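>>> got a predicted structure here, sequence first:
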Amino acid sequence: MKIMKKIPFLAVCLSSLLWIACSEPPPPAAKKEPSTDAQVLKLNSIHLADVPDAPGKTGAWQATFTSANLGKMQTYTFSVVEEEGNLHEGVFGTGEQAWSGSEGVDTAFDMRAASIDSPAAYKTADEKAADYDQKHPGMPISFQLEKTKQFNNPVWRVIWGESVGTSSFSIYVDASTGTFLEKMH
């Protein structure tokens with residue numbers, strides 16, 4: 001009797017497997033194609049209270065990318081730790097917005113035009129800021145990668161202070177060549 005009970009169960013399992021194996025796979029889900037015209041609008045460093053900064057390095061960044069074809073811009077953050085507010089560990093999208101071209105003084109640019117990283121930009125800026133550094137020791141250093149109408153290439157703006165708005169001193173470094181461009185007082 002026990003064998004008879006097992007045969008219908010085995011038959012159901014085998015027929016189910018055959019049905020699954022012979023059926024057509026579901027159509028693939030529509031893949032969201034990345035924008036082929038994606039460009040960088042701005043990249044900003046974010047200071048974290050619990051993560052010490054190193055020359056040219058910080059624990060969090062905010063990047064805004066654009067697509068002229070889609071007419072949109074998308075902002076992302078990256079953080080090495082979870083922070084209060086809207087800063088999450090890892091990469092986090094903060095939402096899409098409409099975009100139709102330049103935003104204020106900033107213009108979107110191809111990321112490949114920025115071959116100099118933030119530690120190299122800091123090194124160049126620090127050499128030109130020795131006098132300011134001596135008068136204002138221990139100031140936080142912030143970074144902003146942008147393309148302004150003022151310069152031909154994207155630039156790193158190395159900022160002595162928390163942000164451009166609260167700083168009285170910053171240095172522009174060409175993000176393509178690494179050369180010093182200008183001091184801002």
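That came through, no problem. Numbers count the residues shown, from 1 in each chain.

>>> check which helix or strand covers the most centrally placed residue in the chain.
Nearest to the mean C-alpha position of the chain, by CA atoms, centre = their mean, lies Ala63 at 3.8 Å. Secondary structure from DSSP states H and E places Ala63 in strand 60-67.

>>> which regions of the protein sit below the pLDDT cut-off?
Low-confidence segments of the chain (pLDDT under 70): 1-34, 102-105.

>>> in it, which spans are helices?
Assigned by DSSP state H, the helices in the chain fall at 2-22, 118-128, 130-135.

>>> hmm, back to that, how much space between the residue nearest to the centre of the chain and Phe92?
The gap separating Ala63 from Phe92 is 11 Å, by CB to CB, to the nearest Å. Heads up, the C-betas are built off the backbone N, CA and C, glycines and all.

>>> any idea how far Trp156 is from Ala113?
The value you get for Ala113 to Trp156, if CB to CB is used, is 12 Å.

>>> ok, the two, which is more surrounded?
Legend: neighbour count by other CB atoms under 10 Å for Ala113 and Trp156, higher for Trp156 (28 against 14).

>>> you'd agree that one is up against Leu145?
Yes: assessed by CB atoms under 8 Å, Trp156 is found in contact with Leu145 at 5.6 Å.

>>> apart from its neighbours in sequence, what residue is nearest Asp110?
Of all residues beyond its chain neighbours, the one nearest Asp110 is Gln39 (5.7 Å), with distances taken as CB to CB, 6 or more residues apart in numbering.

>>> what's around the one you found, how many residues?
Residues lying near Gln39 (other CB under 10 Å) number 18.

>>> ok, it touching Asp106?
No: counting by CB under 8 Å, Gln39 stays clear of Asp106, with 11.1 Å between them.

>>> overlap in contacts of Trp156 and Leu145?
Ser118, Ala175 (CB atoms under 8 Å, 6 or more residues apart in numbering).

>>> which residues in this protein form strands?
Counting by DSSP state E, the chain has strands at residues 39-46, 60-67, 72-79, 90-98, 141-146, 155-160, 170-174, 180-184.

>>> any chance of these in CSV, with distance to Asp131 too?
Formatted as CSV, these follow (distance: least, CB to CB, whole Å):
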stretch, distance to Asp131
strand 39-46, 23
strand 60-67, 29
strand 72-79, 33
strand 90-98, 38
strand 141-146, 16
strand 155-160, 12
strand 170-174, 12
strand 180-184, 10
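
>>> this completes my enquiry, with thanks.
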